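> next input, structure requested:
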Amino acid sequence: MQQVKADSGDAVKMGPGTLYGSLDRMIEAGLVAKGNTQEPRRIYYWLTALSLTTWRAETDRLSRVALVARRRLGSA
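Numbers count the residues shown, from 1 in each chain. Next up, the predicted model:
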């Protein structure tokens, strides 16, 4: 939650329900794996190979959308 807040420059504030709900959905989708640790109060999460493939595809898609928008604004 603190990392999201810091990374967004305080633009996004996420509560525990949103964070853990999102993590649960990403685990269910195979995008995130939950790891076991020796520390009972600490949980680690890892991105899966599927999440990295999905991330690359989505960033490529968004780049193409942004390019189209820039071209249209330039021709307006």
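> and the residue nearest the centre of this structure?
Geometric centre of the chain, nearest residue: residue 55, 8.2 Å, by Cα atoms, centre = their mean.
> contacting residues around it?
By Cβ atoms under 8 Å, 6 or more residues apart in numbering, residue 55 lies in contact with residue 47. Quick note: C-beta positions are derived from backbone N, CA and C, even for glycine.
> how near is residue 7 to residue 64?
With distances taken as Cβ to Cβ, to the nearest Å, residue 7 is found 24 Å from residue 64.
> related to what we said a few turns ago, so for the host helix or strand of the residue nearest to the centre of the chain, what's the average pLDDT?
Assessed by DSSP states H and E, residue 55 sits inside helix 49-75. Across helix 49-75, pLDDT averages out at 94.
> in it, what's buried?
residue 51 (16 or more other Cβ atoms under 10 Å).
> next helix or strand past the helix or strand harbouring residue 24?
Taking DSSP H and E as the criterion, residue 24 maps to helix 16-28. In the C-terminal direction, the helix or strand that comes right after helix 16-28 (DSSP H and E) is strand 32-35.
> give the other helices and strands that the helix or strand following that following strand contacts.
Next helix or strand after strand 32-35 toward the C-terminus (DSSP H and E): strand 44-47. Under the contact definition 3 or more Cβ pairs under 8 Å, 6 or more residues apart in numbering; DSSP states H and E, strand 44-47 sits against strand 32-35.
> go again using 10 Å as the cut-off
With contacts taken as 3 or more Cβ pairs under 10 Å, 6 or more residues apart in numbering; DSSP states H and E, strand 44-47 sits against helix 16-28, strand 32-35.
> I'm done for today, thanks for sticking with me.
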